[in-house]
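J.: this is a predicted model, with the sequence first.
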Amino acid sequence: MNLNKGLLSDMTQTNAPRGVIVSALRWEILNDWLQYQHDDKFEDKSAEMSYWWGFVKKDTGFESLKCLWAKHERNYPMFAEAVWLLHREFSEGAGAEHHPLFANVPPIPAEVLFQKIASCSAPVHRSLTQEQMVAILRKAPQDYSAMA
């Protein structure tokens, strides 16, 4: 029996539960954000270029991002919910309600969070430009709120 590894990989990405995807991205983004917050190279943590080089451009989450974008293609409501959850926890500060690791962690501005996800997604999801991904990510929390 010959197993098509590409098909198996696609099925795994498509079938990954939303909670697993969000959990993986949550910890990867939180780890990068905390490293950025404690990095002395970037004194002004609110400067746009500081965000860009200290946080956004640090690649992370390849497998979980593949799964996230597979949800975008095959199950948009789950994709929108995942992005809404990440936005709510990181940008609106709701993460501290769920886990003590979020306590005293400054929120990530929504645009910076969306740029981070899109930037890290670019190498693994080449069918969209980074600008297209940011536009989709900006819209997803609003779409989910309208669905709920």
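T.: That came through fine.

J.: list the helices and strands the longest helix seen in the chain packs on?
T.: Determined from DSSP state H, the single longest helix within the chain is helix 18-37. On a contact count with 3 or more CB pairs under 8 Å, 6 or more residues apart in numbering; DSSP states H and E, helix 18-37 meets helix 62-74, helix 76-90, helix 110-121. No exception for glycine: its C-beta is placed from N, CA and C like everyone else's.

J.: dump these into CSV; add mean pLDDT and mean neighbour count as well.
T.: Below are the helices and strands packed on helix 18-37 laid out as CSV (pLDDT from 0 to 100; neighbours: other CB atoms under 10 Å):
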stretch, mean pLDDT, mean neighbour count
helix 62-74, 88, 20
helix 76-90, 93, 22
helix 110-121, 92, 22
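
J.: now for those, which one comes closest to Ala47?
T.: helix 110-121 (11.2 Å; CB to CB).

J.: after the closest one, which helix or strand is next?
T.: Later in the chain than helix 110-121, the nearest helix or strand by DSSP states H and E is helix 130-147.

J.: that next one: how far from the chain's middle?
T.: Taking CA atoms, centre = their mean, to the nearest Å, one finds helix 130-147 lying 12 Å from the centre of the chain it belongs to.

J.: I figured Arg88 was touching Glu97, is that so?
T.: No - using CB atoms under 8 Å, Arg88 is not in contact with Glu97, being 9.6 Å away.

J.: how close does Ser64 sit to Tyr144?
T.: Look at Ser64 and Tyr144: by CB to CB, to the nearest Å, they are 18 Å apart.

J.: got the contact list for Val105?
T.: 30, 33-34, 37, 95-96 (CB atoms under 8 Å, 6 or more residues apart in numbering).
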